[in-house]
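J.: I'd like to go over a predicted model; first the sequence, then the structure.
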Amino acid sequence: MTLEILLFAVYREQVGQKAVRLELPDGATVRDAAEKLEADHPELKLKGALAAIDETYASPDETLHAGDTLAFFPPVAGGSGDDDPSEDDHFFVTEDPLELSRYVALVTAPAFGAVGSFIGTVRTPNLGHVVRYIDYQGYEAMIFAQMKRAATELRGRFELGRVVFAHRLGRLEPGEASIMIVVSSKHRKDALLATHAAIDRLKETLPVWKLEVTQDGARWVEGSSAAAETL
């Protein structure tokens, strides 16, 4: 069977391509694909990688099928976006500056008496180094999928009105916002608790990676592998 393999962040750098085709026997697993890919590209080292099949996290022993899109990426570091088609929730992935007033307007309605928000920005210094900028890279289709799942999880825990998640990709300088979370609810407790829970969950699950450029050089920021089992 033939599979399309997507590579992100440092793995894309190692291979020099963002996508490759891979031939595997029927019944092959994610681990089999990783081993074949490493054999074809000796410069590639996938130990510790996370994997996703068709934008859903996958374990190393999950079986692959013809036509699957398999992605490999490092643990996650916590164009124009499109609205989610659901009535109440909106998700954005963009390279443009994030717009808090727009997102507040999307969640505001007479039925909801509270609006809670979180804004994450690029900071400097970090670990004793002056940050010049951070290049945020991400698996955009999967970011949308994970945002939707996170919103569904939140609605199972809190009584919410509307939800907006927005993440910016590309080059961001200190002080610029990389992520915004805005939620509404009838009462303030749900909005405030949901905002806190949302950023914790999104930092674990969104496939986003940060190349931090400082006055001393560049490094990939170490991420979290809490979302799934690694290779």
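T.: Received, thanks. Numbering: from 1, shown residues only.

J.: Assign residue 137 to helix, strand or coil.
T.: strand (DSSP: H, G, I helix; E, B strand; the rest coil).

J.: Would you enumerate the residues in contact with it?
T.: Going by Cβ atoms under 8 Å, 6 or more residues apart in numbering, residue 137 touches 8-9, 169, 208-211. In short, each C-beta sits where N, CA and C put it, glycine included.

J.: Then residue 55?
T.: Residue 55 neighbours (Cβ under 8 Å, 6+ apart): 69, 71, 139, 141-142, 145.

J.: Looks to me like residue 155 is in a strand.
T.: No. Residue 155 is assigned helix when assessed by three-state DSSP, not a strand.

J.: burial count for it?
T.: Neighbour count for residue 155, taken as other Cβ atoms under 10 Å: 15.

J.: so what's it scoring on pLDDT?
T.: For residue 155, the model assigns a pLDDT of 94.

J.: Phi first, then psi, for the closest residue to it other than its chain neighbours.
T.: The shortest distance from residue 155 to any non-neighbouring residue, by Cβ to Cβ, 6 or more residues apart in numbering, is to residue 163 (7.8 Å). Per-residue torsions, residue 163: phi -130, psi 140 (degrees, to the nearest 10).

J.: Please verify my assumption that residue 163 contacts residue 151.
T.: Yes. Between residue 163 and residue 151 there is a contact under Cβ atoms under 8 Å: 4.7 Å.

J.: Between the two, which has more neighbouring residues?
T.: Just comparing residue 163 and residue 151: by other Cβ under 10 Å the higher neighbour count belongs to residue 163, 30 against 26.

J.: Pull the contacting residues for the more buried one.
T.: With Cβ under 8 Å, 6+ apart, residue 163 has these contacts: 88-90, 107, 151, 154-155, 182-183, 194, 198.

J.: same thing with residue 129?
T.: Counted by Cβ under 8 Å, 6+ apart, residue 129 has contacts 214-216.

J.: Also residue 170?
T.: By Cβ under 8 Å, 6+ apart, the contact list for residue 170 reads 95, 135-136.

J.: Buried by neighbour count, from the residues you listed: which ones?
T.: With neighbours counted using 16 or more other Cβ atoms under 10 Å, the contacts of residue 170 contain these buried positions: residue 136.

J.: Tabulate the contacts of residue 170 (a markdown table), appending pLDDT and distance to residue 19.
T.: Output for the contacts of residue 170, formatted as a markdown table (pLDDT from 0 to 100; distance: Cβ to Cβ, whole Å):
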| residue | pLDDT | distance to residue 19 |
| --- | --- | --- |
| 95 | 97 | 20 |
| 135 | 98 | 20 |
| 136 | 97 | 20 |
